Each structure stands twice: as C-alpha cells, then as structure tokens.
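Novice: everything below, folded, please.
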Amino acid sequence: MSAPSNMSMPKARSDARLRPISFCDPAVTIERRDDGTIYLRPKLALSDYPERLTDRLHHWATTAPDRIFMAERDGGRGWRQITYAELLTSSRHIASGLLARGLSAEKPVVILSGNTIDHALIAFGALYAGIPFCPVSPAYSLVSKDYGKLSYLMKLLTPGLVFADDADKFADALQANVSLGTEIAAAFGALPGRTVTMLADLMATPLHPRLDAVHQAIGPDTIAKFLLTSGSTGNPKAVINTQRMLCANQVMIRETMAFLKDEPPVIVDWLPWNHTFGGNHNIGLTLYNGGSMYLDAGKPMPGGIEETVRNLREISPTVYFNVPKGYESLLPYLRDDAALRAKFFGRLHAMFFSGAALSPFVWNSLDELSVQETGFRVPMLTGLGATESAPFFMSVNPRTSRSGHIGLPVSGNDAKLVPNNGKLEVRVKGPNVTPGYWRQPELTAKAFDEEGFYKFGDAIKPADANDFDAGFDFDGRLAEDFKLASGTWVSVGPLRARFIAACAPLVRDVVIAGINRDEVSAIVILDLDGCRLINPTTPIDDLSLTAADPLIREAFRERFTKFLATSTGSSTRITRAALLDSPLSIDRGEVTDKGSINQRAVLDARAALIEQLYAAAPPEQIITL
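Specialist: Predicted coordinates for the structure are as follows:
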C-alpha cells in the first residue's frame, strides 16, 4: 500500500452540507433529585415491537422472498447467496432437527465459527426453535494456546450441540473441549474418532409435527442467545439475550435511524457475530428492515484490509459500520482509488462506528473525501451501548456528532446519572436490557442498582452544562480511573482520547499507568498502518522492528512533546512512554478479537514494563520528556 501524497492534517469540512437523511433526533425530559441523581427520559414513547425476531423473517419471506438476505465469497465462484425464502425454509428444517434432540437453555447450541452463511443457518434454526445459542469467538479456538476461556465457557453453558463450520479447522479445539457425550455438527470436514453430524443432514430433517406450535409459543421472555463478555475479570460472562431485548432494540434502531425505512439496507460487514455490534445490531437491522448483508472476510489489519477493499469495489453499501481501526485502515485506499471512492460513497446514507473513539484525523479525512466525491458530508453516527443493552442505548444526531460525543438516550431507554467521584456514572433501564448473566446470580446482583437500572461502569458528562438537550460526551470507564500518590484522580478515558488524537496517525491505543505513582506514564500500542505513513518501509507485521525504528520514534517524540505542552496538571501530564514491541495476548485478556483493549489486564500482564517506565534510570527504549 502506498503512502498518501498529502500527509498533513485534513481540514474539517464543517462548512459543507450534511447529506440529508431521515433521522429522529433523541430528545429527553430531565428530572433532578436532591442527592444529585439525574434521570433522562425520552420524550417519544417506543413503538410496538414483535414478540419474536423470526416474525420479521416470515414477513420478508412473504413480501420479498427472492431478495438476498446474506451473501459470502464462494472461493473463485463469485458470491454464495441465500434469500429470505431460502432462509425461512432452512431455518424450519434445522429447527426441527434441534427440537428432536431435546435441546434447551440448559443444553444450548454453541457455535465456534466465524461469520459464515452456515453459522447464520444454525443460529436462525435455533432462534426458530426457541433454543438459545451462543456464538463464541473463533480466537478462543484458533488463537488461544491453552483453551482457557473455551474450557471455562463449555462448563458454564453445558451445550447439547457444538457447531463448527469446518470440523478440520477446529479439530484440536473440539477434541480438547467437547465431551464425548456432546454432539458435534459441522458444515464440512471430519473429526478422527468422533461422529460428526453434517449440516446438510440437519437441513434435510423432516418438519417436526410440533414446529409451528413451538415457534408460536416463543415469547418476549424466551432466551434467544447468550453473548459472552469478559469485562475486567478475564472469565467470560454469558449475557442473557431475550427476544424482548432483540426486538425492542431493533425498533429503537429503526425509529432513530429512520433512513433504514427509506430503502432496505445493504451492508458490507466483517464485525464478529460473537459481539453485540455485529451479532445483534447489524444482523438484526438487516433482518428487521429486509436488507442484504454481504459478509466481509477482511479485517482492519495489514493483510486483511485488502479483502475489505475488494468487496467494497463490488458492493456499494447504503450504511457502513466499522470500528475506528477499520476506518483508519480503509482511509488510504479511499484516498488513492477513485473507483473505490465512487462505489463506497455512491449511495451511502450514513457511517457508524463503535468500540472506541474515532480520531479527528480520520473523521476529517472521511469528510474531505465524501465532499470531494458527493458534495456532501456523509453523516458519521455513534452512541453508547453494551452487550447488556442489546446494544443500542444512546445516539448522537447527525448535526452534532463528533468524536467523543454519544448523544442522548433513544426511545424506550431511561438513563440514570449518579454522582461518583466527581463524575456522572450512567445507568440504563429499558426492554432492551438483559435480565442478567446465565448461571451467575452474584454477578447479576452486582450489575443492577436498587431501582433495577443496569450499571454500565461508564461515566458521561454534558456537552453543555447549561443545556442537557445538547447531549453528552463519554467521560471514561470508572474502573480505569485511578489516583496518583498525591491523591489526585486521573480520568483515564478523556486523557487516553487526547493522547491518541495528539499522536495520530501513529497510535492505535494507549494504556495509561500511574496508580499510586508520582506521575502518569503510557504504554503505547502503535498503529502499523499509520506508522507506514511516516516510514513506508516499516515491516507490515513486525511490531518490535517498528517500535525500534528511529523515524517512528522521532515522529512519536515530536507529537508526544506537543501533547505534553497542553497538559494542565499532574493528572494530564504524561512524561514517560513505552512503545509496545510485542503483541497483546488474547489468553491474558489484554485484547478481544475485535481489537478492544482491556486496560487493567494489560497493566497486570506488563508489570515488568511498568517498573521500567518508573525506574530512576529508565532503559533506552523508554521515551522520557
């Protein structure tokens, strides 16, 4: 990939008009209590929602039977496609097979595969039968060295059937973690010494005589799926996702992002289905609005982004979802390829990001390219949500959207803001909120307050202290904040965002250290794509060489120095930094397969590096100012 010809910071195009889209701006009433607690309640009531998500499958299979629901690359043979009518037929037969096996919440379906049509078929079959399923990160099977998390969750969930699309690929994980009494199913491949049920056989199951009655009995409280989240503990928690949560949340999304009603959405998507963003938000809005999802086997990293670019050269999305790293990786290609740019922006109503803050550099660059191509800025949307809220909870509006801004609660969600060490801790109550964690009542009890509000663990602050209608900004995770030895609180979230923005495009993320120390320091996770803008010869995948590269270190020091000049006190003054020279570990819980970084886990795992940062005479790899 060649470096862009213009490496200067692009100018924000706030003077250019936004592309007009249908959108319902969140609006709230405000109640203040004497103890400082604030309640935000949406002014618009939530519209009715169906009792089960598969009601929408029936709707579209009837009204648009031949429309593509999902497509994936089929080797060199173009796109494998499945229509709404085909999905309904396959779901009913697979559901019949699952019912015949007596599966239930006590013996659910566990899916080890990545995003594939075969994965979707098993998931929708389980949904249709009212049998919970749990999509598991493939990294737990294919990247993990000790299978620690996979082993733990198998004991937690006690599955009755485990599905892997490719039995050969997942053979070691299956042999090590699936008991002999548990059925294994696969789309293809074999497992030495084990019987494997083939997906084709499940799809050929005769319709169960009670299938329609079972499907009709599925209601709002029926568990649809379990989604795993680790939080700061390292061990997976199984978040219960009910039909009510999924259906209510889709109405919240559709009523807010009203442009989804204007035409069926077309999305090109890689976001993993074992996370709520990809597996609930994106699959759900595709189904609910009769859209088409093109599966992207690419990833926002060197060697993976090229597949995303290939797909976007063929498919023009109406709305595009990604994490900040995805936009960062895509940006150079959009700059350099006019045909790709025309295809990408051609019918794009909006872009959406989640998972972390999008740097102003990337945001402004996308605005610049959008204006160049269409004459408009394509709205960039985001908000605040969690696995426990299905996930849509707060949303910006297109006019005020900016990095760090999360907007207001959408219809159906009441927010409660509780004073906490000088910040406002945010909590939520609504039909999209989980009833709790599967088989972990003690964790469930800790997650909710006395009024039944789910505690995010996040802090937010008003964008305008005198006008709450202006929405709120993200103010960090409370569990990440800490005190210096002086007793001064360090607010990690805002500091982290400022540091990343100041060091763009070199830094993908930063871990802030300094608990009980005299000053704040930083462990810096470099962005290899951004580093190649400084030195195009930087190795594509060697973090140690990049961290030691004199050009990269000097470029970082220059930005670091400018950042330090903006510090206003000990809680914002970072004077030492280490450029991380080894990858973060999924086994140690430092990073998820989506790229989200667990600050506390990194600090725990990198204790030796922390000591080097604070040494009286730090080693030469530590950058000090």
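
Novice: which residues touch the nearest residue to residue 483 once chain neighbours are set aside?
Specialist: Spatial nearest neighbour of residue 483, chain neighbours left out: residue 489 (5.7 Å); criterion: Cβ to Cβ, 6 or more residues apart in numbering. Backbone N, C-alpha and C define where each C-beta goes, glycine included. Remark: with contacts taken as Cβ atoms under 8 Å, 6 or more residues apart in numbering, residue 489 is in contact with 421-422, 481-483, 571.

Novice: for residue 324, same thing?
Specialist: Contacts of residue 324 by Cβ under 8 Å, 6+ apart are 353, 355-359, 362.

Novice: which one (most neighbours) among those?
Specialist: If you count neighbours using other Cβ atoms under 10 Å, the busiest of those is residue 358, which has 28 neighbours.

Novice: that residue against residue 325, yeah?
Specialist: No. If you go by Cβ atoms under 8 Å, residue 358 and residue 325 don't touch, sitting 9.6 Å apart.

Novice: so for stretch 459-472, mean pLDDT?
Specialist: The average pLDDT within stretch 459-472 is 96.

Novice: returning to what we had before: need the max-distance pair from the contacts of residue 489.
Specialist: With Cβ to Cβ as the measure, no two of those lie farther apart than 422 and 482, at 13.6 Å.

Novice: ok, these two, which is more surrounded?
Specialist: residue 482 (21 against 10).

Novice: what bridges to the more buried one?
Specialist: residue 490 (DSSP bridges).

Novice: list the contacts of it.
Specialist: 489-490, 492, 514-516.

Novice: reformat those as CSV; add pLDDT and distance to residue 539.
Specialist: What follows is these, written out as CSV (pLDDT from 0 to 100; distance: Cβ to Cβ, whole Å):
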residue, pLDDT, distance to residue 539
489, 89, 40
490, 93, 34
492, 92, 31
514, 94, 31
515, 93, 34
516, 92, 37
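
Novice: among these, which two are most distant?
Specialist: The widest separation within the contacts of residue 482 (Cβ to Cβ) is 14.6 Å, between 492 and 516.

Novice: okay, those two: which has more neighbours?
Specialist: Neighbours were counted for residue 492 and for residue 516 using other Cβ under 10 Å; residue 492 has more, 23 against 10.

Novice: what's the spacing between that one and residue 486?
Specialist: To residue 486, residue 492 is 16 Å away according to Cβ to Cβ, to the nearest Å.

Novice: for the stretch 251-400 of the chain, what spans make up the strands?
Specialist: For the stretch 251-400 of the chain, strands defined by DSSP state E, counting those that start in this stretch occupy the ranges 266-269, 292-295, 319-322, 350-353, 380-381, 383-385, 392-395.

Novice: looking at these, which is buried most?
Specialist: Of all the strands of the stretch 251-400 of the chain, strand 392-395 carries the top mean neighbour count, a mean of 28, counting by mean count of other Cβ atoms under 10 Å.

Novice: who does it touch, helix- and strand-wise?
Specialist: Applying 3 or more Cβ pairs under 8 Å, 6 or more residues apart in numbering; DSSP states H and E, one finds that strand 392-395 contacts helix 243-256, strand 383-385, strand 405-409.

Novice: got the ones you listed as JSON lines, with mean pLDDT and distance to residue 151 columns?
Specialist: Below are the helices and strands packed on strand 392-395 laid out as JSON lines (pLDDT from 0 to 100; distance: least, Cβ to Cβ, whole Å):
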{"stretch": "helix 243-256", "mean pLDDT": "98", "distance to residue 151": "28"}
{"stretch": "strand 383-385", "mean pLDDT": "97", "distance to residue 151": "29"}
{"stretch": "strand 405-409", "mean pLDDT": "97", "distance to residue 151": "36"}
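
Novice: need those in TSV with distance to residue 159, can you?
Specialist: Listed next are the helices and strands packed on strand 392-395 as TSV, based on distance: least, Cβ to Cβ, whole Å:
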stretch	distance to residue 159
helix 243-256	20
strand 383-385	27
strand 405-409	36
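
Novice: can you pull the phi/psi pair for residue 522?
Specialist: Backbone torsions of residue 522, given as degrees, to the nearest 10, read phi -140, psi 140.

Novice: what is the neighbour count of it?
Specialist: 25.

Novice: for residue 503, see how far away it is.
Specialist: Distance from residue 522 to residue 503, by Cβ to Cβ: 9 Å.

Novice: name the residues contacting each of the two.
Specialist: residue 510.

Novice: of the contacts of residue 482, closest to residue 22?
Specialist: residue 492 (37.2 Å).

Novice: the closest one is in contact with residue 603, isn't it?
Specialist: No. Using Cβ under 8 Å, residue 492 is not in contact with residue 603; the gap is 10.7 Å.

Novice: residue ranges with poor pLDDT in the chain?
Specialist: For the chain, applying pLDDT under 70 flags the ranges 1-14, 231-234, 593-595.

Novice: tally of neighbours for residue 549?
Specialist: Neighbour tally, residue 549, other Cβ under 10 Å: 21.

Novice: ok, now residue 584?
Specialist: The burial count for residue 584: 22, using other Cβ under 10 Å.

Novice: what residues does it make contact with?
Specialist: With Cβ under 8 Å, 6+ apart, residue 584 has these contacts: 525, 590-591, 597, 602.

Novice: in the stretch 51-200 of the chain, which spans are strands?
Specialist: Using DSSP E, counting those that start in this stretch, strands in the stretch 51-200 of the chain cover 68-73, 79-83, 109-111, 133-135, 161-166, 183-188, 196-198.

Novice: dump the ones you listed to CSV, plus mean neighbour count.
Specialist: CSV is the format used below for the strands of the stretch 51-200 of the chain (neighbours: other Cβ atoms under 10 Å):
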stretch, mean neighbour count
strand 68-73, 21
strand 79-83, 17
strand 109-111, 27
strand 133-135, 26
strand 161-166, 24
strand 183-188, 20
strand 196-198, 16
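
Novice: can you say which of the ones you listed is nearest to residue 618?
Specialist: strand 133-135 (43.6 Å).

Novice: residue 265 is in contact with residue 291, isn't it?
Specialist: Yes. Using Cβ under 8 Å as the test, residue 265 is close enough to residue 291 to be in contact (3.7 Å).

Novice: those strands in the stretch 401-550 of the chain, which residues are they?
Specialist: In the stretch 401-550 of the chain, the strands defined using DSSP E, counting those that start in this stretch lie at 405-409, 414-420, 423-429, 454-462, 472-477, 482-483, 489-490, 507-513, 520-526.

Novice: out of those strands, flag the one nearest residue 242.
Specialist: Of all the strands of the stretch 401-550 of the chain, strand 454-462 comes closest under Cβ to Cβ, at 13.7 Å.

Novice: next, the buried residues of the closest one.
Specialist: Of all the residues in strand 454-462, those buried under the rule 16 or more other Cβ atoms under 10 Å are 454-462.

Novice: tell me the contacts of the residue nearest to residue 279 when sequence neighbours are not counted?
Specialist: Leaving aside its sequence neighbours, residue 279 sits nearest to residue 273 (Cβ to Cβ, 6+ apart; 3.7 Å). Going by Cβ under 8 Å, 6+ apart, residue 273 touches 114-115, 119, 123, 135, 279, 283.
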